[in-house]
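Novice: predicted model and sequence follow; I will ask about them next.
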Amino acid sequence: DAGITQSPRHKVTETGTPVTLRCHQTENHRYMYWYRQDPGHGLRLIHYSYGVKDTDKGEVSDGYSVSRSKTEDFLLTLESATSSQTSVYFCAISELPVGNTEAFFGQGTRLTVV
Amino acid sequence: GENVEQHPSTLSVQEGDSAVIKCTYSDSASNYFPWYKQELGKRPQLIIDIRSNVGEKKDQRIAVTLNKTAKHFSLHITETQPEDSAVYFCAASKAGANNLFFGTGTRLTVIP
């Protein structure tokens, strides 16, 4: 398995609180992604990074921000969590853009907003 | 943007039978079509992919076919085994793109 670690693995938080999820990789891959997985929707891209300090929005970016201060870490922040952000969040990494090569996924973080 | 539809949402087969999952896509510029398998509580993992310059690709019991004209692609699993039970996702993208557009998934159950 590719060296990808997500933390925490599970989190319950209250509506309106900030939450940060971490993705850490040991593969030195340039590209990193945050997806959310919801029943009936498959996986949808939230944000991605194509290098240190280089990020861009995905399909469902509203309410989320990201940061990448070093190659190995990609942080996803929910500034003020809402119940609609209850989901399973997956980080993914790839050597090239995912339209060119395999994406490797982390184990996922189950987030519940109450 | 791209829209990927996947059918069926659930599929049950007897062990040893074949399973077929179908996907359609909307963007004719898409040219990369991976399939991911996700076991219960686990991460999605790539099992096979195909690019638009080929019509079929096989890897042991798994094959994927692509019809560019009709904009659909399918996953074929032969001689199914209980360990094939999982959720399968198709996806579509294009060379150089930073997004995979996923279908909604098919839960495959192989009955021993």
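Specialist: Structure's in. What do you need? Since we're looking at a predicted model, the values are computed, not measured. Numbers count the residues shown, from 1 in each chain, chains lettered A, B, ... in the order given.

Novice: in chain A, where is pLDDT below threshold?
Specialist: Low-confidence segments of chain A (pLDDT under 70): A:1-2.

Novice: interface residues of it facing chain B?
Specialist: Applying C-beta under 8 Å from any C-beta of the partner chain, we find that chain A lies next to chain B at A:31, A:33, A:40-45, A:48, A:50, A:56, A:58-59, A:90, A:97-100, A:102-103, A:105-108. The way it works is simple: take the backbone N, C-alpha and C, and place the C-beta from them, glycine included.

Novice: measure the residue nearest the centre of chain A to chain B for me?
Specialist: Most central in chain A under C-alpha atoms, centre = their mean is residue A:34, positioned 2.6 Å from the mean C-alpha point. According to C-beta to the nearest C-beta, to the nearest Å, residue A:34 and chain B sit 12 Å apart.

Novice: and that residue, which of the three is it?
Specialist: Assigned by DSSP: H, G, I helix; E, B strand; the rest coil, the conformation of residue A:34 is strand.

Novice: residue B:27 and residue B:92 touch, don't they?
Specialist: Yes: using C-beta atoms under 8 Å, residue B:27 is in contact with residue B:92, at 7.1 Å.

Novice: which residues touch the residue lying closest to residue B:45 once chain neighbours are set aside?
Specialist: Nearest residue to residue B:45 in three dimensions, chain neighbours excluded: residue B:37, at 5.6 Å (C-beta to C-beta, 6 or more residues apart in numbering or on different chains). By C-beta atoms under 8 Å, 6 or more residues apart in numbering or on different chains, the contact set of residue B:37 is B:44, B:45, B:47, B:86, B:87, B:88, B:89.

Novice: and the residue nearest to the centre of chain A, what is it in contact with?
Specialist: Counting by C-beta under 8 Å, 6+ apart, residue A:34 has contacts A:21, A:23, A:45-48, A:58, A:64, A:66, A:74, A:76, A:89-92.

Novice: from those, which land in strands?
Specialist: Mapping the contacts of residue A:34 onto strands (DSSP state E) picks out A:21, A:23, A:45-48, A:64, A:66, A:74, A:76, A:89-92.

Novice: which PyMOL command selects the buried ones in these?
Specialist: To isolate the buried members of those in PyMOL, using 16 or more other C-beta atoms under 10 Å in any protein chain shown:
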select buried, chain A and resi 21+23+45+46+47+48+64+66+74+76+89+90+91+92
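
Novice: contacts for stretch B:103-112?
Specialist: A:40-42, B:4-15, B:19, B:21, B:23, B:38, B:77, B:80-91.
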